[in-house]
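J.: Below are the sequence and a predicted model; questions follow.
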Amino acid sequence: MKGKVLQDDVPISNVEVINKQLNNISLTNVLGEFEIPVERENNLAFFKNGYDFQTIIIDDELLESKCLTIRLVKKEQLIEEVVVKKQTTIPIIKVERQYQERKFAIPDGSIQNGVDFVQVFKLLSKIFKKDKPKEAKKEWVSFQTYVNLNFTDAFLLQSLELKETQWNDFLTYCDFDPEKTSIIEQENKMILLDFLIKKAKEFKEKNN
């Protein structure tokens, strides 16, 4: 498969074209051109520092054309600050006292002109009744989120000997590896760290 990688119609050189299934890697030349072996349903990834990571799936139409034009976009970092305000509502209990006409009678142990404590207790029970604990559902998280939940960026940048400007590209590079799914499922910090060390070594070799 031959092709060309552009950015605003300008050729991009030294873009890594990766076929994970066939374990092949090609680099674009000064004209943005590349050539790489492919088969049907292979995933091709296009990677270069400072550009959005892009992947395509080779289908029958692309195989017949035997030529690709890929357009990469420069990364833009947007920082959004979200402020969430939680409103706290304090329940108000209204207790009504019912007054009855006073009558002289033989005391029977009841309290006249009093509060209906049974109704008050029922009302309080409804308000403060605790919901039954629901069974926690295991939600899938992205690889980048999983890494951030286990380690700080500062720790990993120092441990993996990466520059801060390389961090997002490195995480994207790791995300392309199918092994990441198994890493997340095992929920083990040491296994995750070993995986990151291995991928950092590969990443630095490709970018040197």
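T.: Everything's here; your move.
J.: use CA for all of it now, contacts and neighbours both
T.: Will do.
J.: shaky segments in this structure?
T.: 76-140 (pLDDT under 70).
J.: where do the helices sit along it?
T.: 60-65, 117-128, 143-150, 153-160, 167-175, 179-186, 189-207 (DSSP state H).
J.: winner for burial among those?
T.: Ranked by mean neighbour count under mean count of other CA atoms under 10 Å, the helices of the chain are led by helix 167-175, which reaches a mean of 17.
J.: give the contact list for the nearest residue to Asp9 once chain neighbours are set aside.
T.: Of all residues not flanking Asp9 in the chain, Arg71 sits nearest, at 7.9 Å (CA to CA, 6 or more residues apart in numbering). Taking CA atoms under 8 Å, 6 or more residues apart in numbering, we find Arg71 in contact with 5-9.
J.: Please indicate which of the residues you listed are buried?
T.: 5-6 (16 or more other CA atoms under 10 Å).
J.: Show me the two of the contacts of Arg71 that sit farthest apart.
T.: Val5 and Asp8 (10.1 Å; CA to CA).
J.: burial of Asn19, as a residue count?
T.: 20 (other CA atoms under 10 Å).
J.: Leu44 is in contact with Asp59, correct?
T.: No - Asp59 is beyond contact range of Leu44, at 11.2 Å (criterion: CA atoms under 8 Å).
J.: if you count what's nearby, which of those two comes out ahead?
T.: Using other CA under 10 Å as the criterion, Asp59 and Leu44 rank with Leu44 on top: 21 against 13.
J.: Please report how far the nearest residue to that one once chain neighbours are set aside lies from Leu149.
T.: Counting by CA to CA, 6+ apart, Asn19 is the residue found nearest to Leu44 once chain neighbours are left out, at 5.0 Å. Using CA to CA, to the nearest Å, one obtains 30 Å as the distance from Asn19 to Leu149.
J.: Same check on Lys74?
T.: Lys74 is 27 Å from Leu149, by CA to CA.
J.: same question, Asn29
T.: Applying CA to CA to Asn29 and Leu149 gives a distance of 39 Å.
J.: that older thread, OK, contacts around the residue nearest to Leu44?
T.: Residues 25, 36, 38, 42-45 are the ones in contact with Asn19 under the rule CA under 8 Å, 6+ apart.
J.: Now restrict the residues you listed to buried residues only.
T.: Buried among those by 16+ other CA under 10 Å: 25, 36, 38, 42-45.
J.: Any chance of JSON lines for those, columns distance to Phe53?
T.: Below are those laid out as JSON lines (distance: CA to CA, whole Å):
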{"residue": "Ile25", "distance to Phe53": "15"}
{"residue": "Ile36", "distance to Phe53": "18"}
{"residue": "Val38", "distance to Phe53": "19"}
{"residue": "Asn42", "distance to Phe53": "17"}
{"residue": "Asn43", "distance to Phe53": "13"}
{"residue": "Leu44", "distance to Phe53": "11"}
{"residue": "Ala45", "distance to Phe53": "7"}
